[in-house]
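[1] below: sequence and its predicted model.
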Amino acid sequence: MTIIDGKQIAAQLKAEITAEVAAMRANGQRAPHLATILVGHNGASETYVAGKIKTCGECGFDTTHIQLENDCDEQTLLHHIHRLNDDPRIDGILVQLPLPEHIAEQKVIEAIDPRKDVDGFHPANIGRASLGLPAFVAATPAGILELLRRYHIDTDGKHCVVIGRSNIVGRPIATLLSRKTDSGNATVTLCHSHTRNIKEICRTADILIAALGQPHFVTADMVKEGAVVIDVGITRTPDPTKKSGYALKGDVDFEHVAPKCAFITPVPGGVGPMTIASLMRNTLWAAQHRYY
Ligand code: GUN
């Protein structure tokens, strides 16, 4: 059994990006520039955005952060997005989700210029990616594909079972794995809350991806011997023994599942670190006009 080291692969990816940024600068080009927008003061969101900005700095990117108050109206947020869309010095725009309830999330996502949509949430990017056209792919599915690639885990002809149909992870990873491309060509089953016989279906998986956000949902009896298990869950649970006051729990009962696996990602240190690294790569590619 091999534990997939997302921290190490993410560090490798970041080092590659940093080297490319240095080469761009040496060529007289400016550094990639990511703009982040955070509405309100949700603790988890603040932590995530701070992590993204810090990593941008480590990769040599420029950043602009816009902090808006919780009662900020939709028009104000849209105005900021339009301004960033029109600013040629900005390569990527990231509006941290979730947004307060009075703001229509989909409208905000669709306001971002697809060429600057480094989150890969805009329908143009989701549609293009599903057609196999060049497009920004959301950070978590892109991170999962990169882990599979770098560990030489072949997906061709494999049965991949994805649990969870979120727009951010489950649905895009299911679509990407079924594409007629490298890191694709899998037979994919997308399970969700209305799926019958979920345990039986999971037991047939060569590659099992748990992305439902329910701690320790995947138990040892749901996993085939020799399977590859990718755990996307990162639920915060109270833990007074931790300095932060919480522990991160995955969707997989790692302790009991790991001995059955060929490969497994831990939580933390698996998929998580790859998401920021993938966002950095999307921002670099936006600056290089790789897709558009
Ligand atoms: N909230 C949780 N994950 C994400 C993400 O990948 N991007 C943005 N913008 N918001 C998020």
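    Sure thing, it's come through.
[2] contact residues of this structure facing the ligand?
    Listed as neighbours of the ligand in the chain under the rule C-beta under 6 Å from any ligand atom: 94, 95, 96, 97, 119, 139. From N, CA and C alone the C-beta is placed, and that goes for glycine too.
[3] so which of those are in helices?
    Using DSSP state H, residue 139 are the members of the residues of the chain next to the ligand that sit in helices.
[4] okay, among the residues of the chain next to the ligand, which ones form the most distant pair?
    The distance between the two most remote of the residues of the chain next to the ligand (C-beta to C-beta) is 13.7 Å, for 95 and 139.
[5] residues shared between the contacts of the two?
    Shared contacts of residue 95 and residue 139, defined by C-beta atoms under 8 Å, 6 or more residues apart in numbering, comprise residue 119.
[6] where along the stretch 51-200 of the chain do the helices fall?
    Using DSSP state H, counting those that start in this stretch, the helices of the stretch 51-200 of the chain run over 74-86, 105-111, 123-130, 139-150, 170-178, 198-203.
[7] run through the neighbouring helices and strands of the longest one.
    Going back to what we said before, that points to helix 74-86. With contacts taken as 3 or more C-beta pairs under 8 Å, 6 or more residues apart in numbering; DSSP states H and E, helix 74-86 sits against strand 33-39, strand 62-68, strand 92-95, helix 105-111.
[8] what comes up buried for the shortest one?
    Along strand 92-95, the positions that meet the burial threshold by neighbour count (16 or more other C-beta atoms under 10 Å) are 92, 93, 94, 95.
[9] got the contact list for the third one?
    When contacts are counted by C-beta under 8 Å, 6+ apart, residue 94 touches 34, 35, 36, 37, 52, 118, 119, 279.
[10] count the neighbours of residue 131 for me.
    Using other C-beta atoms under 10 Å, residue 131 is surrounded by 10 other residues.
[11] quick check: it vs residue 107, distance?
    24 Å (C-beta to C-beta, to the nearest Å).
[12] just residue 254 next, same as before
    39 Å.
[13] do the same with residue 66
    Separation of residue 66 from residue 107 (C-beta to C-beta): 18 Å.
[14] the two: which is more packed in?
    Set side by side, residue 66 and residue 107 show more neighbours around residue 66, with 16 against 12, by other C-beta under 10 Å.
[15] what sits closest to the more buried one if chain neighbours are left out?
    Of all residues not flanking residue 66 in the chain, residue 37 sits nearest, at 4.6 Å (C-beta to C-beta, 6 or more residues apart in numbering).
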